[in-house]
Every structure is written in C-alpha cells, then in structure tokens.
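1. Show me how the following folds:
(one chain, ligands or ions: 1)
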Amino acid sequence: MLFREFAELCDRLETISSRLAMTDVLAEVFPALSIEELPVFVRFMRGKIFPDWSSEKLGFGPGLLYEALAYVIGKKRQVVISAINSSGDTGRVVEELLEKREQTMFFSEDLELLEVHARFLQMAKTSGRKSQQERMRSAQYLLSNASPLEGRYLSRLMLEEMRIGVGEGVVREAVSKGFAVPVEIVEHAHQALNDLGEVALLAKTDPAALATVHVTPFRPVKMMLAQAGSIAGMVEAHGFLAAENKYDGSRFQFHKAGGRTAIYSRRLEEMTASLPDVVAMLSAATDHDVIIDGEVIAMQDGKPMPFQTVLRRIRRKHGVSDAADAIHMQPRVFDILVCDGETLIDRPFSERRKILESVMKDFVAPQIVSDSPEEIETYYHAALDNGNEGIMLKVLDSPYLPGNRGKLWIKIKPEVDTIDLVVTGAEWGEGKRAKMFGSFLLACQDENGELLELSRVATGIDDAMLAELYELFKDKIIAEHGKTVVFEPDVVFEVGYAELQKSTTYAAGYALRFPRFVRLRDDKDPSEIETIDSLFRRYGMQNKAGQ
Ligand SMILES: Nc1ncnc2c1ncn2[C@@H]1O[C@H](COP(=O)(O)OP(=O)(O)OP(=O)(O)O)[C@@H](O)[C@H]1O
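-> A predicted model of the protein is given here:
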C-alpha cells in the first residue's frame with residue numbers, strides 16, 4: 001500500500017461521522033492488506049506506531065517537526081511556528097505549508113506505508129549524541145517526499161495524534177466484520193494482547209487462535225478499573241462480596257518470567273528503573289512466573305503517606321537509591337493475571353485470589369468476604385481510619401477485564417467533588433514567580449477525544465508544587481506567545497470546584513467556579529479525563545440538588 005492511499009483513506013474517514021459507515025470502509029480495506037501491512041495500518045489508524053503495551057517512543061516532539069518542516073519548505077522556523085500558533089491543527093498547517101512550497105523542493109518519490117513505518121522504527125531506535133540529527137534527517141526525508149495531504153498525516157503520526165475519529169471500538173468491529181470473527185472474540189483478544197495490530201493480524205492468519213490468546217510476560221495489559229457505587233447496592237445485587245482497602249498509592253503491574261522482572265504503571269510505562277526496591281521485594285516474594293496487579297504505597301511510621309509522595313518517587317530518574325532510602329515503598333497485591341504460563345483472566349476472582357495467596361509469600365492485600373452491609377460498613381470506616389482512600393468491593397465470580405471500568409469493581413470513598421482534566425497550557429507567573437507557570441489551562445474531552453477547554457486553575461498550588469510543575473511541564477511546551485504557553489496535552493490534574501456554570505468563554509460550554517488544584521494525576525492517561533457527557537450529568541445533578 002502506498003502512503004498516499006493511506007492518507008486518502010484517512011481524509012475520507014475524517015468526513016464520515018457514522019460509526020457503521022466507518023466500520024464498513026475499514027472492513028473492506030483490512031482483508032486486502034498484506035500480513036506486513038495490516039498491523040501497521042491498524043496502529044496508524046489509531047495514531048500509534050507501536051503496540052499499546054510497548055513503552056517505546058518515537059522521540060519526536062513538535063520542536064523537531066517544526067524544524068524539519070522549515071527545512072523542507074525553505075523557510076525560517078519562526079514562519080512555521082507562527083502558522084501553527086494561529087491554528088490548533090498542526091496537521092492542516094503542515095499540509096498548507098507544503099502546498100505553498102516551491103516545486104523545486106518536492107522530490108516526488110512514492111512513499112510506501114511500510115517504508116514510512118520502517119523510518120519511524122529507525123527514528124525510535126537511534127540513541128546517543130547524534131540521535132536528534134538522525135531523527136531530523138528521517139523527518140526531512142519523509143516530508144520532502146510527501147504530498148501536502150501525506151504531510152497532514154505524516155505530521156499527525158509523528159506527534160501520535162491522528163484526529164480522524166476512528167476509535168478502538170470501530171477497529172474491533174471492522175476486524176470482526178472484515179474477517180468474519182465474532183466481535184466478542186476480537187474484544188477478548190484485544191484485552192489480552194493490548195495491540196489491535198496483532199489482533200487484526202491473527203484474525204487474518206489464524207482466526208481460531210484468537211479465541212485462545214494468552215496474556216504475555218513483558219507486554220502489560222490495561223488495568224481493570226472501578227465505578228463508584230454503594231455497599232447496600234452491591235450486597236443486594238451479589239450477596240457475598242470481597243472487600244479490600246482502597247490504597248492511596250499508585251497502580252502497578254508486576255511481571256516476572258524466566259528470571260526477568262519488570263514493573264509497569266497504570267499508563268503502562270515501564271518503571272523498573274525508578275522502583276528497584278519494589279521490584280526486588282515482589283520478586284523475592286514469589287518463586288513463580290507471574291503477572292500481578294497491585295498498588296504501591298509510601299509508608300511512614302506504619303501509616304500511608306500522601307499519594308503525591310509516591311508519584312514523586314516514580315517520576316524520579318536520577319538518584320533513585322537516595323530516594324528509595326528516603327521514601328519507603330510497600331507493594332500491596334490484589335490480583336493475578338498469569339501464573340506459570342497460564343492465563344487466569346477468565347477465571348473467577350475468588351479462584352485467582354486463592355492462587356495469588358498460594359504463590360505470594362508476602363504483600364497480599366488483606367480482604368474480607370461478607371454479605372453483611374454492616375460488617376462492610378465497619379470495614380470501610382476502619383480503612384479510612386488507617387489512612388486509606390476507602391474500600392473496593394469486588395464481585396467474587398468476576399473475570400479480570402483489562403481496561404474495563406464496570407460494575408464488577410466498585411469503589412466506596414467519601415464524597416468529594418473533584419474532576420480530572422488535562423492541562424493544555426499555562427501563563428507565566430509574575431514577580432518572584434516569573435520563571436514558573438502561574439495559572440494552568442484545563443480541558444475535558446468530547447466523545448472523540450477532542451479536547452475542550454473549560455477553566456484555568458491557579459489556586460491551591462504551593463511553591464514546592466509550582467517548582468515541581470515547572471520541571472514537569474518545561475519539556476512539554478509546544479508553542480509560546482507572550483505570556484501564554486501551549487503544552488502537549490499529557491498531564492492530568494485533579495481539580496476541586498464550588499460549582500459548574502454555563503460559559504460562553506470556554507469551548508466546553510461550561511466553566512468551573514472557584515477551581516482549585518487538588519493533586520497531580522500524572523499516573524492517569526489523558527484519555528481518562530472527564531467527558532462532556534459526564535459534565536452534562538454533573539451539571540444536571542447539581543441543579544437538581546440545588547432546587
Ligand atoms: N484493593 C484495590 N483493588 C483495586 N484497585 C485499588 C485497590 N486499592 C487501590 N486501588 C486503586 O483504585 C483505583 C481504582 O479506582 P478507579 O478506577 O476509580 O481509579 P481512579 O480514577 O484512580 O480512582 P480515584 O480517582 O477515585 O482515585 C485503581 O486504579 C487502583 O489504583
């Protein structure tokens with residue numbers, strides 16, 4: 001497949017709003033692709049270069065893209081930056097700039113889809129002193145040979161944001177339709193493999209194998225998540241339940257196989273290097289090859305320390321052993337996904353729990369099993385008294401559903417109205433804070449993952465946190481004009497507020513009254529932020545409550 005054909009298809013998909021119509025287009029294309037092209041194509045559609053389980057990064061930020069483009073169109077970098085600053089859509093700007101380039105600067109070599117992919121892999125692999133230059137050269141090569149339309153999608157791929165509205169669900173349905181495999185089997189395989197590219201490839205080459213896929217060591221799967229609910233409601237629906245502390249720490253997935261170990265964050269980033277102490281503790285606690293789910297907390301004098309302390313440790317890249325001495329981390333494990341090569345995610349939770357207890361000599365999270373609302377209520381208050389966030393209630397016969405936020409896990413915690421939003425920009429501070437960011441611009445998302453801004457937050461951030469935020473955001477600046485900076489939308493804030501108001505100032509149509517920073521949630525992926533739908537529900541509930 002030529003990259004031009006891929007770009008034309010993306011352009012077409014961008015104009016289609018019906019899910020079904022999108023599915024049909026993809027279901028027709030998938031079977032026609034070669035076995036090399038299919039996984040690449042599927043990942044590209046979703047704006048991905050690597051499988052979702054991979055920690056690999058292209059290492060290509062907006063800065064490099066602007067520079068490569070400036071070279072290709074024979075203009076100054078500033079020309080590119082101002083064009084991008086005045087639009088929100090980098091892909092379209094790249095397209096327009098390529099349209100205006102002088103024809104002598106266009107080398108019309110047809111780019112193949114696989115060749116583009118190979119170049120990306122090469123860009124990701126380069127390391128060392130000359131790596132930026134090498135990445136730049138590859139980007140220049142690709143953009144020089146690209147038509148304007150190809151440029152739109154090349155640049156979006158480089159920044160890993162496709163914006164063509166093709167969600168995971170559409171791809172799964174298209175795989176199901178294109179290769180005549182039941183959609184439940186595609187979904188299950190996707191949960192276990194965490195890579196739609198490989199799922200599509202298996203559907204093409206060995207559909208029978210799709211039904212029996214395994215969770216594989218060192219390919220993390222998404223974590224199972226919880227909804228809010230009530231103790232009474234859960235007991236009524238299920239009778240006997242498991243209740244555990246809801247630890248106020250950071251989620252992890254620990255993998256051990258064949259003498260190798262690794263630990264991954266909720267965002268599936270490998271954290272082995274920043275948590276060597278936790279890895280060593282977990283590894284010593286079992287003689288088996290396992291994939292284990294848990295939460296790591298920081299302890300002082302027998303009490304959990306604030307969640308922010310845990311994240312600070314995790315973010316740390318240098319001086320890890322000093323940090324490990326200063327902050328004592330403790331894992332708590334509560335689920336097991338694989339044991340000695342056997343995938344356990346489809347087994348009932350109660351069985352997995354028995355296996356977990358039999359293979360882990362330590363760190364297993366305490367649990368009660370009860371059908372008494374009073375007993376669970378008492379357990380909940382004890383959990384809070386011991387510095388936990390609340391409790392988790394889990395259905396005993398539930399499978400482990402990677403990435404699912406369903407009713408099988410319910411969280412019970414004190415009511416606090418906070419909201420998770422992604423930071424899209426900031427303003428430089430004033431006076432003694434002139435070298436720090438003063439206020440942060442926040443956004444929620446619509447159903448396609450488009451970001452819609454809805455407030456600024458400046459309150460509730462102390463000097464130490466401001467300094468920490470500066471360190472975190474300084475490498476995420478995409479553009480800057482005057483006092484305003486635009487960030488790559490990558491960091492999530494949890495924000496409190498007094499009230500939700502309708503607004504004509506912000507794109508979301510709502511604004512937060514008295515927003516205040518509660519905490520940094522850089523363990524959360526931006527895809528997990530508040531949606532317009534849930535904002536709408538919040539607004540409705542708030543007004544109902546006020547009547
Ligand atoms: N015993 C436990 N079992 C499962 N998850 C636990 C447990 N203790 C703590 N957790 C944490 O609770 C989270 C599940 O709650 P939820 O799905 O609402 O995530 P969350 O958005 O981080 O929740 P919140 O915003 O309330 O902290 C898990 O991601 C995990 O990090």
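
2. and residue 13, what is it in contact with?
-> For residue 13, the contact set (CB atoms under 8 Å, 6 or more residues apart in numbering) comprises 22, 25-26, 164-166. (C-beta placed from N, C-alpha, C; glycine too.)

3. ok, and for stretch 538-547, which residues are buried?
-> Residues of stretch 538-547 classed as buried by neighbour count (16 or more other CB atoms under 10 Å): 538-539.

4. and the closest residue to residue 527 other than its chain neighbours, how many neighbours?
-> Across the structure, with CB to CB, 6 or more residues apart in numbering as the measure, the residue nearest residue 527 apart from its sequence neighbours is residue 449 (6.5 Å). Neighbourhood size, residue 449 [other CB atoms under 10 Å]: 16.

5. Might one say that residue 395 is in contact with residue 406?
-> No. With the criterion set as CB atoms under 8 Å, residue 395 and residue 406 do not qualify as a contacting pair; they are 9.4 Å apart.

6. Between the two, which is the more surrounded one?
-> With neighbours defined as other CB under 10 Å, residue 395 and residue 406 compare such that residue 395 has more, 21 against 13.

7. Nearest spatial neighbour of the more buried one, chain-adjacent residues omitted?
-> residue 408 (4.6 Å).

8. who touches that neighbour in this structure?
-> Residues counted as contacts of residue 408 (CB under 8 Å, 6+ apart) are 224, 394-395, 398-399, 401.

9. Just the buried ones from these, in ChimeraX syntax?
-> Those of the contacts of residue 408 that count as buried under 16+ other CB under 10 Å are selected in ChimeraX with:
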select :224,394,395,398,399,401
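
10. Poorly predicted segments of this protein, please.
-> By pLDDT under 70, the low-scoring segments of the chain are 88, 103-107, 317, 323-325, 545-547.

11. Write out the residues of it neighbouring the ligand.
-> 223, 225-226, 244-247, 251, 266, 295, 334, 365, 392, 405, 411 (CB under 6 Å from any ligand atom).

12. Go again with 8 Å.
-> Where the chain comes near the ligand, counting by CB under 8 Å from any ligand atom, the residues are 223-228, 244-251, 266, 293-295, 332, 334-335, 365, 388-389, 391-392, 394, 405, 409, 411, 413, 418, 420, 494, 521, 523-524, 528.

13. Let's have the contacts of residue 408 in JSON lines, adding secondary structure.
-> Formatted as JSON lines, the contacts of residue 408 follow (DSSP: H, G, I helix; E, B strand; the rest coil):
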{"residue": "224", "secondary structure": "coil"}
{"residue": "394", "secondary structure": "strand"}
{"residue": "395", "secondary structure": "strand"}
{"residue": "398", "secondary structure": "coil"}
{"residue": "399", "secondary structure": "coil"}
{"residue": "401", "secondary structure": "coil"}
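
14. before we move on, back to that, compile the contacts of residue 13 into JSON lines and extend it with columns for neighbour count and secondary structure.
-> Formatted as JSON lines, the entries for those read as follows, by neighbours: other CB atoms under 10 Å; DSSP: H, G, I helix; E, B strand; the rest coil:
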{"residue": "22", "neighbour count": "22", "secondary structure": "helix"}
{"residue": "25", "neighbour count": "17", "secondary structure": "helix"}
{"residue": "26", "neighbour count": "23", "secondary structure": "helix"}
{"residue": "164", "neighbour count": "22", "secondary structure": "coil"}
{"residue": "165", "neighbour count": "17", "secondary structure": "coil"}
{"residue": "166", "neighbour count": "24", "secondary structure": "coil"}
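
15. doesn't residue 529 make contact with the residue nearest to residue 527?
-> No. In this structure, residue 449 is not within contact of residue 529 by CB under 8 Å, at 9.5 Å.

16. roughly how far is stretch 458-477 from the heart of the chain?
-> Computed by CA atoms, centre = their mean, to the nearest Å, the chain-centroid distance of stretch 458-477 equals 21 Å.

17. buried ones in stretch 149-165?
-> Residues of stretch 149-165 classed as buried: 149-159, 161-165 (neighbour count, 16+ other CB under 10 Å).

18. same for the host helix or strand of residue 171, what does it pack against?
-> In this structure, residue 171 is located in helix 168-179 according to DSSP states H and E. Helices and strands touching helix 168-179, by 3 or more CB pairs under 8 Å, 6 or more residues apart in numbering; DSSP states H and E, are helix 19-29, helix 37-45, helix 183-193, helix 196-205.

19. Run the chain-centre distance for that helix.
-> Taking CA atoms, centre = their mean, one finds helix 168-179 lying 21 Å from the centre of the chain it belongs to.

20. are any of the residues of the chain next to the ligand buried, and which?
-> Applying 16+ other CB under 10 Å to the residues of the chain next to the ligand flags 223-226, 244-251, 266, 293-295, 332, 334-335, 365, 388-389, 391-392, 394, 409, 413, 420, 494, 521, 523-524, 528 as buried.

21. Setting the sequence-adjacent residues aside, check what's closest to the closest residue to the ligand within the stretch 251-400 of the chain.
-> Of the stretch 251-400 of the chain, the residue with the smallest distance to the ligand, taken as CB to the nearest ligand atom, is residue 251 at 3.5 Å. Here the nearest residue to residue 251 in space, its sequence neighbours aside, is residue 266; by CB to CB, 6+ apart that works out to 4.2 Å.

22. quick one: residue 24 from residue 358, how far?
-> Distance from residue 24 to residue 358, counting by CB to CB, to the nearest Å: 49 Å.

23. same thing with residue 119?
-> Taking CB to CB as the measure, residue 119 falls 49 Å from residue 358.

24. So the two - more neighbours on which side?
-> Of the pair residue 119 and residue 358, residue 119 is the one with more neighbours under other CB under 10 Å, namely 18 against 13.

25. Just confirm the more buried one is within a helix.
-> Yes. Per three-state DSSP, residue 119 lies within a helix segment.

26. Wait, it touches residue 142, no?
-> Yes. Under the contact definition of CB under 8 Å, residue 119 touches residue 142, with a separation of 5.9 Å.

27. Wait, residue 170 touches residue 26, no?
-> Yes. With the criterion set as CB under 8 Å, residue 170 and residue 26 qualify as a contacting pair; they are 6.9 Å apart.

28. about what we covered before: export the helices and strands packed on helix 168-179 to JSON lines and tack on distance to residue 505?
-> Listed next are the helices and strands packed on helix 168-179 as JSON lines, based on distance: least, CB to CB, whole Å:
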{"stretch": "helix 19-29", "distance to residue 505": "32"}
{"stretch": "helix 37-45", "distance to residue 505": "35"}
{"stretch": "helix 183-193", "distance to residue 505": "40"}
{"stretch": "helix 196-205", "distance to residue 505": "38"}
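
29. Among these, which comes closest to residue 272?
-> Of all those, helix 183-193 sits nearest to residue 272, with 21.5 Å by CB to CB.

30. starting at the chain centroid, how far to stretch 457-466?
-> Here the centre of mass of C-alpha atoms in stretch 457-466, compared against the chain's by CA atoms, centre = their mean, lies 25 Å away.

31. quick one: the spatially closest residue to residue 139 that is not a sequence neighbour from residue 136, how far?
-> Distances taken as CB to CB, 6+ apart place residue 68 nearest to residue 139, at 3.7 Å, with adjacent residues excluded. Separation of residue 68 from residue 136 (CB to CB): 6 Å.

32. ok, the two, which is more surrounded?
-> Counted by other CB under 10 Å, residue 68 and residue 136 do not tie: residue 68 has more neighbours, with 26 against 18.

33. hang on, the more buried one in a helix?
-> Yes. Counting by three-state DSSP, residue 68 falls inside a helix.

34. Does it touch residue 144 like I think?
-> No. No contact is recorded between residue 68 and residue 144 when judged using CB under 8 Å, the distance being 9.1 Å.

35. Out of the buried residues of stretch 149-165, flag the one nearest to the ligand.
-> Set against the ligand, the nearest of these by CB to the nearest ligand atom is residue 161 (22.8 Å).

36. what helix or strand is the closest one on?
-> When elements are assigned from DSSP H and E, residue 161 belongs to no helix and no strand.
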